[in-house]
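> pasting the sequence and the predicted model now:
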Amino acid sequence: MNLANATGAAFRSDLNNALAAVASNNSDSSDPSTTFAYQWYVDTGDSTLKIRNAANNAYVNVSTVGGIGTANLGLAPTASPTFTGDVTISSTTALRVPVGTTAQRSGSAGNGDIRYNSTLSSFEVYAAGAWASIGGAEALGSGRLNINGAMQVAQRGTVVNAGNEYAGPDRYKFAKNDGAYTISQDTDAPSGQGFGNSWKADVTATPSDATGFVILEHKFEGQDVQLLKKGTSSAEKVTLQFWIKSTKTGTYVAELRDEDNTRHICQTYTVSVTNTWEKKTLTFAGDTTGVLGNDNGASFTIGWWLYAGSNFTSGALATSWAAQTNANRAVGQVNAADNTSNEIYITGVQLEVGEDATAFEHRSFGNELAKCQRYYNRLATGLNAPVCNLAVYATDNAYGVFNVPVVMRTQPTVDASDASGHFTLYSGGNGDTFDTFILSASRTNAVELRAHSSEGLSGAVAGHAAWAVASNAAAFIALSAEL
């Protein structure tokens, strides 16, 4: 500042202004003795940059000052700043976002907020009123633990009079010993939720036996649920969410089972309105007893009870983890299959670590199919569907190798139709029908299939290459490594 020639009073005013400007650049471990409105001051005691308020009666903290006395003066805001326009960060190291547990999530989060969840070991973003993992379980965290939660993949298709077997959408086992049901994949789904399919049970004969049970199950390999930390003092809570639509209203039971240590925990939920989609969210406590095997065996199961005979309802519902007792598994469960006009639909299944239900983690069809093929791989279905190439060893004996697209959970078995003329082997210009394939060798990444006289093969041309196709609309062949 320049001081112009002036009379005494005017000069004094200019001098005071100059001194005020100098005073605005103070730094010390104690506040300046003389202060001015809007005076800047760096407190070297706690490295805080302050500015005097308009009334000149207090300082306002602006930021923390880093690197005082060095060439690098870094500013770290002490409050939440607002920036207008583009913000460019020049660095070759990393941008650090907020880090915290699930329990430490902000209670006033807004759409677009991003953080790293140290409980789930994943980045997450707040959108549409809920926290959601960014990029999904494969890339960044646990996310949705179960496979095919949107019921997109159904390699088996509709199964009439389904027994105690996998049927309809992949990875969902229909466990039952009473009544009769048609299990299928359906296009009925809750509106506006991003789902296009559901698991459906159509009751064709009602159950009534005291020892009877009807349960929809989803099973996990032990090595895929180690993050539950089950059997340790750090055992994690888990949250299950799903959509259900049922003809029968009333109380239903969801059960988690530890197959390795024969333990379980149950919760009830209510279907309030008949034939209407309803979302259910249930949080289960962690279990500090019983470590899950770290292998490819069936260690953990979700079960949705649909019918329970008195053998499963005569006790007290196991609402805390306990040794599995049949009488305590489904107390209060309504008979959802008490009429042949009843139908039950389920979709949007998501099991995740923690006590908060995040937005459903949608995955591509290809992603879900590959996951399902670890357990079941339908090679061919229907008339003229190609199976594999083979080499004809003799007129009644041919071998072919099929390399699976996904390494299977364990050495698979063959699941195939077995009826007269379901398959045809073409070799040397001839076509010879046979009933089914024999599994002659099995590995997790490939199988050797055999067409043989014991299944009707008789006219193959020895020494020739061959190929096999399905020759009946009902014909199919698959590899199974289910839990």
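Perfect, thanks for sending it.
> hmm, T64 is touching D43, no?
No - counting by CB atoms under 8 Å, T64 does not reach D43; the two are 10.2 Å apart. To be clear about C-beta, it is placed using only N, CA and C from the backbone, and glycine gets the same treatment.
> comparing the two, which shows the higher neighbour count?
D43 (18 against 14; other CB atoms under 10 Å).
> enumerate the beta-bridge partners assigned to the residue lying closest to that one once chain neighbours are set aside.
Ranked by CB to CB, 6 or more residues apart in numbering and with sequence neighbours excluded, the top spatial neighbour of D43 is K50, at 6.2 Å. Beta-bridge partners for K50, by DSSP bridges, are Y41, N61.
> and for K50, the neighbour number?
19.
> next one: A154
By other CB under 10 Å, the residues close to A154 number 22.
> could you pull out the helices for this protein?
Secondary structure of the chain (DSSP state H): helices at 8-23, 136-139, 365-373.
> check those for me: which has the lowest mean pLDDT.
Looking over the helices of the chain, mean pLDDT reaches its minimum on helix 136-139, with a mean of 42.
> strands along the stretch 101-250 of the chain, start to end?
Remark: strands assigned in the stretch 101-250 of the chain by DSSP state E, counting those that start in this stretch are 114-117, 122-127, 130-133, 165-166, 173-176, 180-186, 198-205, 213-221, 238-246, 250-258.
> need the residue closest to the centroid of the chain.
Nearest to the mean C-alpha position of the chain, by CA atoms, centre = their mean, lies R144 at 1.2 Å.
> how about low-confidence regions in the stretch 251-400 of the chain?
Within the stretch 251-400 of the chain, no range satisfies pLDDT under 70.
> dump the C-alpha coordinates for stretch 391-409 into PDB.
Coordinates of each C-alpha in stretch 391-409 appear next as PDB, following Å, rounded to 0.1, in the frame of the first residue of the first chain:
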ATOM      1  CA  ALA A 391     -14.900 -90.800 -31.900                       C
ATOM      2  CA  VAL A 392     -16.500 -94.200 -32.900                       C
ATOM      3  CA  TYR A 393     -14.500 -97.000 -31.300                       C
ATOM      4  CA  ALA A 394     -16.800 -99.700 -32.500                       C
ATOM      5  CA  THR A 395     -20.200-100.000 -34.100                       C
ATOM      6  CA  ASP A 396     -21.800-100.000 -30.600                       C
ATOM      7  CA  ASN A 397     -19.300 -97.800 -28.700                       C
ATOM      8  CA  ALA A 398     -18.400 -94.100 -29.100                       C
ATOM      9  CA  TYR A 399     -16.600 -91.600 -26.900                       C
ATOM     10  CA  GLY A 400     -16.800 -87.800 -26.700                       C
ATOM     11  CA  VAL A 401     -15.200 -85.200 -24.500                       C
ATOM     12  CA  PHE A 402     -17.100 -82.100 -23.400                       C
ATOM     13  CA  ASN A 403     -15.100 -79.200 -21.800                       C
ATOM     14  CA  VAL A 404     -17.300 -77.200 -19.500                       C
ATOM     15  CA  PRO A 405     -17.300 -73.400 -19.800                       C
ATOM     16  CA  VAL A 406     -17.100 -73.000 -16.000                       C
ATOM     17  CA  VAL A 407     -15.100 -75.200 -13.600                       C
ATOM     18  CA  MET A 408     -17.700 -77.100 -11.600                       C
ATOM     19  CA  ARG A 409     -17.900 -77.400  -7.800                       C
END
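> list the buried residues for it?
By 16 or more other CB atoms under 10 Å, the buried positions in stretch 391-409 come out as V392, T395, D396, N397, A398, Y399, G400, F402, V404, M408, R409.
> isn't the last one up against G297?
No - assessed by CB under 8 Å, R409 is found out of contact with G297, at 9.3 Å.
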